[in-house]
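> below are the sequence and a predicted model for it; my questions follow.
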Amino acid sequence: MNCSAPSFRQLRGWVVLGDFWDYTCASCIPALPDVRAGREGYKDNGLTAIGFHGPEFAFAQSQSDLERGICEFGPTYRMVVDSNREIGKAFANRDWPTVLRMRVRSWSTRHRGMLW
């Protein structure tokens with residue numbers, strides 16, 4: 001969406017917050033500032049964030065509506081469009097929001113729901 005998806009090779013050595021969200025999800029919006037703050041607070045220690053927008057409803061697949069949602073809600077980290085939720089399926093994600101803290105080659109922590 002706002003960049004190309006980074007390869008695992010590019011992320012080697014980083015800890016990644018993977019934020020699975022949907023701009024129409026009322027529980028996802030309050031979690032965005034926490035993901036952004038985590039990324040900003042720990043980026044010098046090798047942490048980054050990637051948002052995976054996996055829409056729950058067909059209308060949320062609209063590119064222009066998603067762009068408007070990103071502008072309105074302000075995630076400033078990399079955003080990947082996962083309209084068919086293939087990435088979410090690969091990570092066995094079923095809920096919004098879900099934030100994964102992972103190293104490139106292995107899982108570290110799975111957190112479902114709000115961050116606070």
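Sure thing, it's come through.
> which residues in this structure form helices?
8-11, 32-42, 63-73, 86-90 (DSSP state H).
> just put the ones you listed in a markdown table and tack on mean pLDDT, mean neighbour count and distance to I50.
In short, each C-beta sits where N, CA and C put it, glycine included. Formatted as a markdown table, the helices of the chain follow (pLDDT from 0 to 100; neighbours: other C-beta atoms under 10 Å; distance: least, C-beta to C-beta, whole Å):
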| stretch | mean pLDDT | mean neighbour count | distance to I50 |
| --- | --- | --- | --- |
| helix 8-11 | 71 | 11 | 9 |
| helix 32-42 | 90 | 16 | 9 |
| helix 63-73 | 89 | 13 | 13 |
| helix 86-90 | 90 | 14 | 10 |
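> of those, which is nearest D19?
helix 32-42 (4.8 Å; C-beta to C-beta).
> can you tell me how far C25 is from Y42?
If you measure C25 against Y42 using C-beta to C-beta, to the nearest Å, the figure is 25 Å.
> fine by me, we can end here.
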